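A.B. asks: Next input, structure requested:
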Amino acid sequence: MKSCVLFLAAVGSASAFVAGPSVAARSSTQLFGGAQGGATSMEGKKTTVARMKGLLDTADMIFTVPAGGMTVQQTEGLRRSLPAGTVAAVVKNKLMEKAVEGTDYEAATSLLKGANMWFFIEEDIGSSIKAYNAFLKTEGFKESHPILGGVIEQTAYDSKGIEAIGKLPSKDELYAQIAGSIQAIPTKVARVIKAPNSKLARAIKLATMPDE
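C.D. replies: Sure, this is the predicted structure:
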């Protein structure tokens, strides 16, 4: 699983508790288990668990929300709003419990209560959470479908912890920040190179100072 140290460092103070196939593009919201899920046979259940393990293997983070109460149109709208690489799936608790067993997401067993829709985030954590929160606001689901919790780096976070993670910069925002920092370096180096020898020390000092 890809490292998420940057995200964990930024949410160290968030409210957290420790319990106790790769997707390259958007995928439709999937149903697994129960009458709609088609995983009522033993073979079907095994297939579902294997698919969930595949999603867990490539995920940087997972989180869950209440399932049900959404129309097909709303569900499809939610799916289209998610970043590429993020999959939403309604999974029966027993099957999810088997899927997380022995993985970095075993702490998710503490969240297996009631009917759940799980989000498997392969890459862009911040954008995925922000997209779901935007969906809640648009559809008026803030009270009925809040984020219940999630797991990242073997640690289970409650709703407040996940919300804190969601406020972190998205992948694109981080790229922009890094690009801005890189572009600033040659400018500061040029200041030093162009400075006369008698003012070299002062130039170095100025170059290392943050821009206002």
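A.B. asks: Contacts only, for D104.
C.D. replies: For D104, the contact set (Cβ atoms under 8 Å, 6 or more residues apart in numbering) comprises M1, L56, V151, E153, Q154. The way it works is simple: take the backbone N, C-alpha and C, and place the C-beta from them, glycine included.
A.B. asks: what about it, is that helix, strand or coil?
C.D. replies: coil (DSSP: H, G, I helix; E, B strand; the rest coil).
A.B. asks: Looking at it now. What's its pLDDT?
C.D. replies: We have a pLDDT of 96 for D104.
A.B. asks: For it, give its distance to P169.
C.D. replies: The spacing between D104 and P169, counted by Cβ to Cβ, to the nearest Å, is 23 Å.
A.B. asks: thinking again about what came up before, widest-spaced pair of the contacts of D104?
C.D. replies: Farthest pair in the contacts of D104 (Cβ to Cβ) is L56 and E153. Separation: 13.2 Å.
A.B. asks: Between those two, tell me which one has more neighbours.
C.D. replies: Set L56 next to E153 and count neighbours by other Cβ atoms under 10 Å: L56 wins out with 21 against 16.
A.B. asks: E123 contacts L82, doesn't it?
C.D. replies: No - applying Cβ atoms under 8 Å as the test, E123 and L82 come out as separate, 11.4 Å apart.
A.B. asks: of those two, who's got more company?
C.D. replies: The neighbour count for E123 versus L82, taken as other Cβ under 10 Å, is higher for L82 (21 against 17).
A.B. asks: can you tell me which residues contact the more buried one?
C.D. replies: Residues counted as contacts of L82 (Cβ under 8 Å, 6+ apart) are R26, A88, F119, S128, A131, Y132.
A.B. asks: Equivalent analysis for E139, please.
C.D. replies: The contact partners of E139, taken as Cβ under 8 Å, 6+ apart, are M70, Q74, G77.
A.B. asks: Number of residues surrounding the second one?
C.D. replies: Applying the criterion other Cβ under 10 Å, we find 15 residues in the vicinity of Q74.
A.B. asks: ok, then the element right after the strand or helix carrying it?
C.D. replies: Using DSSP states H and E, Q74 sits in helix 72-81. Sequence-wise, the next helix or strand downstream of helix 72-81 (DSSP H and E) is strand 86-91.
A.B. asks: how big is the angle separating that following strand from helix 72-81?
C.D. replies: Inter-element angle recorded for strand 86-91 and helix 72-81: 140 degrees (by axes from the mean of the first three to the mean of the last three Cα atoms, to 10 degrees).
A.B. asks: Mind listing the strands strand 86-91 pairs with, and their directions?
C.D. replies: strand 30-32 (parallel), strand 116-121 (antiparallel) (DSSP bridges).
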